[in-house]
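> show me how the following folds:
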Amino acid sequence: AGTQGRRDTGAHKQTCSHARKKAFVEDHEFEVVTAAEANDSGVDEVVRRIHQRVGGDGTPVYVTFDIDCLDPAYAPGTGTPVVGGLTSDRAIRILRGLVGLNIVGMDVVEVSPAYDHSDITALAAASIATELLHVVAHNKRHKQLEN
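Next up, the predicted model:
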């Protein structure tokens, strides 16, 4: 009788999923910056953390951009939209901060056009891929000028 009229929002599933992801991350040698952390700490801090973790010594870096880190207002066409994600502007500014890293490859994942009738997600993904290409081109040009 006490549950009559209640609807399952799926929040418990997200909490369990978050706990599993957190445990996985803690068991492996990589670092995840969550959307909440990126929103709270700001672009400069996220970029600093990335450079501190992988930059500076020429280590090859592969960048995977998971489109579902964007708020569904900016990328509704993904299988796991989560409110509270990054804005497309913030994501692009973070990517521009990757200048100087030895990026050897990249991809944009989790774009699902079937869930986005207006192609907003495809536009965001194409823009993100273009920004990553600009960073690689800038790094190559800068390296050529040094030699």
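> please make it C-alpha for all contacts and neighbour counts, starting now.
Fine.
> so after the host helix or strand of residue 20, what's the next helix or strand?
Element membership of residue 20 [criterion: DSSP states H and E] is helix 11-26. Sequence order places helix 35-41 as the next helix or strand after helix 11-26, per DSSP H and E.
> okay, buried residues for the longest helix seen in the chain please.
If you go by DSSP state H, the chain has its longest helix at helix 120-146. Neighbour counts using 16 or more other CA atoms under 10 Å place 120-122, 124-125, 128-129, 131-132, 135-136, 139 of helix 120-146 among the buried residues.
> low-confidence regions, this protein specifically.
Counting by pLDDT under 70, the chain shows low-confidence ranges at 1-18, 21, 25.
> tell me who's in contact with residue 83.
When contacts are counted by CA atoms under 8 Å, 6 or more residues apart in numbering, residue 83 touches 71-72.
> show me the contacts for the closest residue to residue 86 other than its chain neighbours.
Leaving aside its chain neighbours, residue 86 sits nearest to residue 70 (4.5 Å; criterion: CA to CA, 6 or more residues apart in numbering). Shown in contact with residue 70 (CA under 8 Å, 6+ apart): 35, 85-88, 91.
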